[in-house]
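Chemist: Got a sequence here, can you build the structure:
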Amino acid sequence: MAEAVPQTNESHTISDNLEIFSLIWLDDKTNSNEEDENIEKDLRNIINHLMTFQNEETCQQYIEKRLEEDRLILIINDSFSHTLVPRIHQLRQVYAIYIHCKNILGKERWITKFTKIKAVTIHFDELIAQIRLDQKKRMKDEQPLLINIFSTSENAGKSTTGLNGQFVYNQLLIDCLLRMNPSTEQDKNELISICKREYQGNNRFLNQLGEFQNDYFPNKVLWWYTRDSFFYKILNKALRVQNIEILFLFRSYISDIYHQLQYYQLKTPIRIYRSQLMAKEEIYSLKRNINQYISVNSFLSTTVQRETALFFMGEGNPEDNLQRVLFEINADPSVVSMKPFADITSHSDFPIETEVLFMLGSIFRLNNVIHEDDQLWVITMTLYSDDEHDLKQVLSHMKDQNGNGKADLATLAKIVWKMGKFNLAEKYYLRLINEIPSNDPILIKLYEDLGDITSHKGDYDASIQWYNKALEIREKNPSFNSEKNTKIVDVSEFIDYRNPKLEKIIKQSYSRSRIDLGEENVIDPDMKIVVKEAIIKKQCTKLNLSDNSITSRGAFVLASGLKNNLTLQVLNLCATRIGDSGVQYIAKALSINNNVIKVLSINNSGLTDKSVEDLAALLKTNKTLIYLNLAGNEFGDEGIAILANALQNHNNTLEYLNLSYNKWMTELSVEFLIIMINYTQALKVLLVWFRDLSEKNENRLKKAAQANKKARVTVNNSWVSLKYQFIDW
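Modeler: Got it, this is the predicted structure:
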């Protein structure tokens with residue numbers, strides 16, 4: 001078993017309610033006698049999660065802290081109703097209110113002011129019966145849908161947290177869970193233990209759990225999913241709030257549903273319906289994205305009968321912003337293979353309902369959003385075709401990145417990491433390290449990734465320890481190394497290093513501004529301070545590290561901070577000693593985090609053609625870099641050829657490139673420079689200098705520049721461009 005150190009101090013907790021609906025009972029006499037205990041048992045048989053309060057203020061505070069995605073069902077004693085209801089009625093998470101009172105007379109007019117009040121009763125058995133009836137009706141059609149939008153417009157968010165990023169990474173997550181090995185006994189036992197804790201004292205659901213343990217078979221999964229059971233409730237809550245820990249434990253059952261839907265896949269086109277209560281802002285968001293794509297990140301239950309869908313719909317309420325929505329969906333099984341859908345009526349626990357179930361993550365094209373006269377919104381959409389060009393490229397690229405074979409914990413951890421869930425990614429990496437042999441070559445990559453993750457979290461001491469673990473394995477097992485591996489640097493002595501003078505300079509700087517550390521005798525150990533204080537805490541936008549004795553070891557530490565950079569746009573590493581190895585670290589970091597840096601200067605830093613491959617890889621992936629200064633290095637013709645290819649075929653953002661005074665450039669580079677000028681989309685300024693340039697080739701370069709009216713080329717001349725004097729170091 002591999003060693004998993006250092007241990008993290010993070011605790012990974014499960015939500016206090018694993019279901020969507022919760023009951024809140026406010027009564028000054030709750031828990032005071034046996035009758036109340038029996039009432040609690042009856043209520044928990046309907047909705048398991050029950051919170052009781054005797055203090056109105058405490059109850060209100062609890063309600064206000066719940067997420068808007070929660071569904072709270074309130075039972076309020078009449079003595080509190082007149083003061084509490086007006087204060088909490090407008091909250092999105094408050095879904096329904098039931099009043100228990102001694103006398104109904106005279107309350108009719110007051111009740112009509114608050115549409116969320118569903119019943120006022122004298123007897124608790126009547127109240128419980130009403131809640132049970134209402135809850136059965138709202139179980140599916142009034143649970144919130146988690147929808148992600150993929151926009152084909154140019155200004156759509158492309159980051160992992162943006163509009164399209166959320167869409168893509170949810171698809172990645174679903175794909176990964178389906179390709180993972182089935183749940184282990186450890187996973188199954190963990191899920192059962194979690195459920196037992198959740199339903200402690202609730203015999204109805206504990207009996208279901210025992211039945212599930214003893215009698216579950218994959219061909220019965222649809223029956224379990226449609227049943228009013230812990231299985232349906234916990235799985236759907238996990239999907240809607242993205243509780244990936246629970247989804248990981250459910251992965252075998254998600255796969256079982258997928259294969260059952262695939263087996264019973266409908267063979268002919270069909271129109272189906274789904275009713276839903278939605279907030280106005282959600283509807284308007286869809287209305288703004290007509291002809292775009294949406295993914296539903298849960299299993300989507302629909303019916304073939306429009307009247308049935310409308311019957312199960314709740315009443316919309318303009319006051320609390322909820323609107324009645326009917327989805328009309330056209331689905332043709334002949335055009336889609338990725339996400340199956342099937343008529344599951346004969347396999348359902350409710351066979352009287354004609355139900356068509358769509359696979360988790362199904363993608364639809366949004367056709368129209370209209371508001372009908374009877375206060376009903378109708379949203380029409382069509383099941384996505386695998387051949388639609390706008391999405392096909394994105395999903396194909398996604399598959400290439402995520403692989404097509406078996407997925408494992410490392411695959412899941414990587415996806416979770418990209419989604420910004422660093423603690424959970426760390427947890428899965430640690431589990432995998434504990435499961436594999438101590439001589440497995442993959443450990444190097446796992447330790448390096450853990451170093452990157454802890455760096456993202458700002459824990460640079462832990463990050464250095466993880467990198468050193470990878471280094472130890474490399475040194476003990478030279479055969480594990482390959483030319484493609486990034487060299488890991490031993491920087492363990494940096495952990496306890498201090499430089500009060502440097503810390504003071506940075507602390508005196510303004511936040512989100514320029515920090516000038518040029519010629520400040522900054523050395524490699526100082527880079528830990530620079531990353532932590534300047535990049536992370538001060539969130540500087542410009543950082544000048546020029547004319548300092550920073551080597552590849554310092555660049556290694558700086559790169560760990562750049563992976564977590566949110567604000568730094570201008571970075572000056574002029575006249576440092578980072579060399580080719582240092583550029584490898586910097587380029588890799590900026591390839592991973594490619595949404596921030598705009599200006600990068602690495603001139604006069606001893607770079608050779610060895611670093612050009614890394615710079616080319618950066619230019620292929622980074623979409624924000626517009627200014628790159630590589631003057632005064634030791635590039636030759638081979639390096640210029642590689643840069644020209646990257647710019648010609650893979651980059652459409654770089655506007656300024658300075659290659660002046662590169663020691664080994666000869667006239668052979670002229671051909672490659674002309675390619676840059678003629679075929680690079682964005683390039684506006686190119687600066688070059690040759691020791692010996694013939695008049696013929698100088699004229700060729702100038703002629704190419706004249707032909708490309710967008711570009712300005714300066715040959716054997718001053719490299720200062722007025723166009724870029726905004727770079728104020």
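Chemist: neighbouring contacts of stretch 57-69?
Modeler: By C-beta atoms under 8 Å, 6 or more residues apart in numbering, the residues outside stretch 57-69 that reach it are 20, 22, 24, 26, 51, 53, 72, 74, 80, 84, 87-88, 91-94, 144, 240-241. Using the backbone N, CA and C atoms, a C-beta is placed for each residue, glycine as well.
Chemist: what comes up buried for that stretch?
Modeler: Within stretch 57-69, the residues that qualify as buried are Cys59, Gln60, Ile63, Arg66, counting by 16 or more other C-beta atoms under 10 Å.
Chemist: Now stretch 69-89 - C-alpha only, PDB.
Modeler: Extracted in PDB, the C-alpha atoms of stretch 69-89 (Å, rounded to 0.1, in the frame of the first residue of the first chain):
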ATOM      1  CA  GLU A  69     -32.900  24.800  -3.700                       C
ATOM      2  CA  ASP A  70     -34.300  23.200  -0.500                       C
ATOM      3  CA  ARG A  71     -38.000  22.500  -0.200                       C
ATOM      4  CA  LEU A  72     -39.200  23.300   3.300                       C
ATOM      5  CA  ILE A  73     -42.700  22.100   4.400                       C
ATOM      6  CA  LEU A  74     -43.700  24.100   7.500                       C
ATOM      7  CA  ILE A  75     -46.200  23.100  10.200                       C
ATOM      8  CA  ILE A  76     -46.900  26.100  12.400                       C
ATOM      9  CA  ASN A  77     -49.000  26.300  15.600                       C
ATOM     10  CA  ASP A  78     -51.600  29.100  15.300                       C
ATOM     11  CA  SER A  79     -49.900  31.000  18.200                       C
ATOM     12  CA  PHE A  80     -46.900  31.700  15.900                       C
ATOM     13  CA  SER A  81     -48.600  31.900  12.500                       C
ATOM     14  CA  HIS A  82     -49.600  35.600  12.500                       C
ATOM     15  CA  THR A  83     -46.000  36.800  13.200                       C
ATOM     16  CA  LEU A  84     -43.900  34.200  11.500                       C
ATOM     17  CA  VAL A  85     -45.700  33.600   8.200                       C
ATOM     18  CA  PRO A  86     -45.400  37.200   6.900                       C
ATOM     19  CA  ARG A  87     -41.700  37.200   7.600                       C
ATOM     20  CA  ILE A  88     -40.800  33.900   5.800                       C
ATOM     21  CA  HIS A  89     -43.500  33.500   3.200                       C
END
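Chemist: From Ile75, how far off is Ile99?
Modeler: Ile99 sits 8 Å away from Ile75, going by C-beta to C-beta, to the nearest Å.
Chemist: Which residues are in contact with each of these two?
Modeler: With C-beta under 8 Å, 6+ apart, Ile99 and Ile75 have no common neighbours.
Chemist: Grab the most central residue of the chain for me.
Modeler: Met419 (2.7 Å; C-alpha atoms, centre = their mean).
Chemist: Can you name the residues bridging to the nearest residue to Leu277 once chain neighbours are set aside?
Modeler: In this structure, Leu277 finds its nearest non-sequential neighbour in Leu322, 4.7 Å apart by C-beta to C-beta, 6 or more residues apart in numbering. For Leu322, the beta-bridge partners are Ala279, Asn317 (DSSP bridges).
Chemist: Look up how far Tyr98 lies from Leu322.
Modeler: According to C-beta to C-beta, Leu322 stands 18 Å off from Tyr98.
Chemist: what does Tyr169 give?
Modeler: In terms of C-beta to C-beta, Tyr169 sits 40 Å off from Tyr98.
Chemist: More neighbours: those two, which one.
Modeler: For Tyr169 and Tyr98, the more surrounded residue by other C-beta atoms under 10 Å is Tyr98, and the numbers stand at 23 against 19.
Chemist: Identify the residues contacting the helix or strand hosting the more buried one?
Modeler: Using DSSP states H and E, Tyr98 sits in strand 94-100. Contact with strand 94-100 is made by 21, 27, 63, 71-78, 81, 85, 88-89, 107, 111, 114, 116-122, 124, 127, 130-131, 134, 142, as judged by C-beta under 8 Å, 6+ apart.
Chemist: Now which of these would you call buried?
Modeler: The buried subset of those (16+ other C-beta under 10 Å) comprises 21, 27, 63, 71-78, 81, 85, 88-89, 107, 111, 114, 116-121, 124, 127, 130-131, 134, 142.
Chemist: what about Asn203, neighbour count?
Modeler: Asn203, neighbours per other C-beta under 10 Å, totals 11.
Chemist: looking at the sheet around Ala331, what are its partners?
Modeler: Under the criterion DSSP bridges, Ala331 forms beta bridges with Ile270.
Chemist: how close does it sit to Leu239?
Modeler: Per C-beta to C-beta, Ala331 is found 20 Å from Leu239.
Chemist: Then Val325?
Modeler: In this view, Val325 and Leu239 are 19 Å apart by C-beta to C-beta.
Chemist: for Lys445, same thing?
Modeler: Using C-beta to C-beta, Lys445 is found at 30 Å from Leu239.
Chemist: Just want to know which of the two has more residues nearby.
Modeler: Leu239 (23 against 14).
Chemist: Then the more buried one would be within a helix, right?
Modeler: Yes: membership of Leu239 in a helix is supported by DSSP: H, G, I helix; E, B strand; the rest coil.
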